[in-house]
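K.L.:
Return atomic coordinates for the entry below.
(chains A and B)
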Amino acid sequence: MSAVLESHDHSHDHHGPAKGWRRWVYTTNHKDIGTLYLWFSFIMFLTGGCMALVIRAELFEPGLQIVEPEFFNQMTTMHGLIMVFGAVMPAFVGLANWLIPMMIGAPDMALPRMNNLSFWILPFAFALLLSTLFMEEGAPNFGWTFYAPLSTTYAPSTVTYFIFGVHIMGASSIMGAINIIATILNLRTPQMTLMKMPLFVWTWLITAYLLIAVMPVLAGVVTMMLMDIHFGTSFFSAAGGGDPVLFQHVFWFFGHPEVYIMILPAFGIVSQIIPTFSRKKLFGYTSMVYATSSIAFLSFIVWAHHMFTVGMPLAGELFFMYATMLIAVPTGVKVFNWVATMFKGALTFETPMLYAVAFVVLFTIGGFSGLMLAIAPVDFQYHDTYFVVAHFHYVLVPGAIFGIFAGVYYWLPKWCGNMYDEKLGKLHFWLSFVGMNMTFFPMHFVGLAGMPRRIPDYALQFADFNQIASVGAFIFGTTQLLFLFIVIKTIVSGKKATAEVWDNPEGLEWTIPSPAPYHTFSTPPDVK
Amino acid sequence: MSEKLPGNKKPMNPVKLLAVVLGMFCFGFLLVPIYDVICDVTGLNGKTGDQYVVSERPAVDETRWVTVQFTTSNNADMPWEFSPSEVKMKVRPGEMHGTYFVAKNNTNQRMVAQAVPSVAPFSVAQYFHKTECFCFNQQVLEPGESVEMPLKFFVDADIPDRVSKLTLSYTLFNLPEVAAN
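P.N.:
Sure thing, here's the model as predicted:
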């Protein structure tokens, strides 16, 4: 016992990290865990990206060239699952780990050991999921939305690996969310009231509540699948008195808040960046907080707009249509606030700002196509076409992913103490911007013309737009290797960054030196 | 730690959040009965009720006719012959009627089937009452065996005037797991 105490005392003497692999496996430091999350998410981003390129390569020409239809279905399924659960969500958790304690003046996350656990179960979840690619029956092939009975009665046997993978990544997200809520509510520096918190902290607080509300429902729905497949229940099987439509209701009750989980933290990032490069305070801070809360609330009552075509009664179609359109109001408040922040500001366009401005413009395009899809009568035409694919990629790629890029460029100098190469950063932005629009904009047109999603072949008249999209996808995809190069170059050989990094940015994280010391804010700082 | 918090509030206990998580996990499962109850009460989804027990002889509306059509279909891997004995009947609302459906197992093995009913338009499902139906039980047929399966029903006299026709459709599901036991 005394030996344990001694070694405990010893570790208090030096405050640096442990050496070698032990540092990363045993770490309870929020900065280390944030770094782990971000690298993990980048590996998943490239993995899911390669799958997207398989899809786009197959769709370069009509007819079947490169892959079998079965494998194509596995690619669309795995691409979706990996990007949603492996790339976007862990990236935001990584940013939260790095930034929230530094932004609220806390020494670390509230539950550091759970923090370690919630990261380290993730690689196992994705190893389970990805291992199915090498199995005889192949990976899950029923789409990332895994509708029953495709994912139950007609699923490959590997669906069980998928189910346990989802259970584990769900547990990871829930632990991460609990940790973030506890940190924000309990560890703020004394003078920081809720309405003084940076918006990134606010949006993450709301996101974390969404996570603990809906990830258990996801765990529930995959558990029901597991029971239907292996234990003879009939939740989703009509033969036994169940109903496949019930699956869609439960899934989208999770699924719709999930899409806001993937965008709200990006709203927060952009709300930090735009004021810095406009050299003005954020316009309408309070309305931003209320708008984010309203979006989060509304996300719980709009789920059936994903399933207008299942045969809902008219009253249901109308309710979900109007409720969905209502979301445009708080979202509009946010967009106008960002624009008003930039209005008459002393704007400069460093890489984070370029990504933030592109976020505002392109996310708004995605929002508008979402409004089109919300109109129930026309959704019967758009449902399951490439228009839907264009819509959700416009909110996720220039929305979530550009938001993450913006955040990484903005805070990277604080994390590693070196400035990134501005020229290369801008090149990365413009190649991503062009590549992304080239990929997804033509999808609007082929979608409206009736090209269905998740099909490896298509009618001849869609060939031109699909070729443009495929070329754009390869530009966007290879550009991300440049991002990897930029980040590594910054870490190993960038110019030294100052503590403030930018021109008078707001926030506690800029009051500590760059790179941020291993332990920060051991005593709570003062805020005005 | 409490002195650290703004306004001297007590710190939040994270275990409370675990209760939210457990609660929402249960809520996910609770959605199943909620969904069934909503479908039963409103008749959404064309779901018909379970066996209807008539306490007293229902009043018959002699002033109008409702046509009831019968259709059948087989789910994906169901090889039986399955058809209604008559494709439609004209009935008075409130009047009790009977008909039967025919099923034949053409395969060379013993099979078990379950028929699942659905009424269209969905909004009138709640006015269609089955007092006896083969869909309340599983059907077991030996190789080559055929069976006449009875249905007794009446249309509720409260059915809205605008409805003059409704369709009762049965889908027959194969239950190989049940047959194996």
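K.L.:
my guess is residue A:124 contacts residue A:171, does it?
P.N.:
No. Contact criterion CB atoms under 8 Å: residue A:124 and residue A:171 do not qualify, at 10.6 Å. Backbone N, C-alpha and C define where each C-beta goes, glycine included.
K.L.:
contacting residues around the residue in the stretch 351-500 of chain A that chain B sits nearest to?
P.N.:
At 16.0 Å from chain B, residue A:376 is the closest residue in the stretch 351-500 of chain A, using CB to the nearest CB. Residues near residue A:376 by CB atoms under 8 Å, 6 or more residues apart in numbering or on different chains: A:305, A:308, A:317, A:318, A:320, A:321.
K.L.:
Same question for residue A:238.
P.N.:
So residue A:238 contacts A:244, B:75, B:116, B:171, B:173 (CB under 8 Å, 6+ apart).
K.L.:
could you redo these as CSV and give each row neighbour count and distance to residue A:399?
P.N.:
Output for those, formatted as CSV (neighbours: other CB atoms under 10 Å in any protein chain shown; distance: CB to CB, whole Å):
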residue, neighbour count, distance to residue A:399
A:244, 17, 31
B:75, 16, 41
B:116, 20, 42
B:171, 19, 42
B:173, 19, 43
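K.L.:
Can you pick out the ones from those that are in strands?
P.N.:
Among the contacts of residue A:238, the residues falling in strands (DSSP state E) are B:116, B:171, B:173.
K.L.:
which residues in the stretch 201-350 of chain A form helices?
P.N.:
Taking DSSP state H, counting those that start in this stretch to define them, one finds helices in the stretch 201-350 of chain A at A:244-261, A:264-278, A:285-298, A:314-326, A:328-342.
K.L.:
Run a quick neighbour tally on residue 50.
P.N.:
This is for chain A. Neighbours of residue A:50 under the rule other CB atoms under 10 Å in any protein chain shown: 13.
K.L.:
wrong one, chain B
P.N.:
Using other CB under 10 Å, the number of residues around residue B:50 comes to 11.
K.L.:
I'd guessed residue B:79 sits against residue B:107; true?
P.N.:
Yes. In this structure, residue B:79 is within contact of residue B:107 by CB under 8 Å, at 5.5 Å.
K.L.:
Now stretch A:187-197 - C-alpha only, PDB.
P.N.:
Provided in PDB are the C-alpha atoms of stretch A:187-197 (Å, rounded to 0.1, in the frame of the first residue of the first chain):
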ATOM      1  CA  LEU A 187     -15.200  22.800 -13.500                       C
ATOM      2  CA  ARG A 188     -15.700  26.300 -14.900                       C
ATOM      3  CA  THR A 189     -13.500  29.000 -13.400                       C
ATOM      4  CA  PRO A 190     -15.500  30.800 -10.700                       C
ATOM      5  CA  GLN A 191     -16.500  34.000 -12.700                       C
ATOM      6  CA  MET A 192     -17.500  32.100 -15.800                       C
ATOM      7  CA  THR A 193     -21.200  32.000 -15.700                       C
ATOM      8  CA  LEU A 194     -23.100  29.900 -18.300                       C
ATOM      9  CA  MET A 195     -23.800  33.000 -20.500                       C
ATOM     10  CA  LYS A 196     -20.100  33.900 -20.500                       C
ATOM     11  CA  MET A 197     -19.000  30.500 -21.900                       C
END
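K.L.:
buried ones in it?
P.N.:
A:187, A:188, A:189, A:190, A:192, A:197 (16 or more other CB atoms under 10 Å in any protein chain shown).
K.L.:
follow-up on the earlier one: more neighbours, residue A:124 and residue A:171?
P.N.:
In this comparison of residue A:124 against residue A:171, neighbours counted by other CB under 10 Å, the higher total goes to residue A:171 at 19 against 14.
K.L.:
what's the strand or helix carrying that one packed up against?
P.N.:
Using DSSP states H and E, residue A:171 sits in helix A:159-186. Applying 3 or more CB pairs under 8 Å, 6 or more residues apart in numbering or on different chains; DSSP states H and E, one finds that helix A:159-186 makes contact with helix A:89-104, helix A:112-120, helix A:122-131, helix A:199-230, helix B:15-42.
K.L.:
State the distance from the closest residue to chain A within chain B to residue B:58.
P.N.:
Nearest residue of chain B to chain A, counting by CB to the nearest CB: residue B:28, 2.7 Å away. Per CB to CB, to the nearest Å, residue B:28 is found 40 Å from residue B:58.
K.L.:
who has more neighbours, the two?
P.N.:
Ranked by neighbour count (other CB under 10 Å), residue B:28 and residue B:58 place residue B:28 first, with 21 against 18.
K.L.:
show me the contacts for that one.
P.N.:
A:216, A:217, A:218, A:219, A:220, A:221, A:224, A:250, A:253, A:254.
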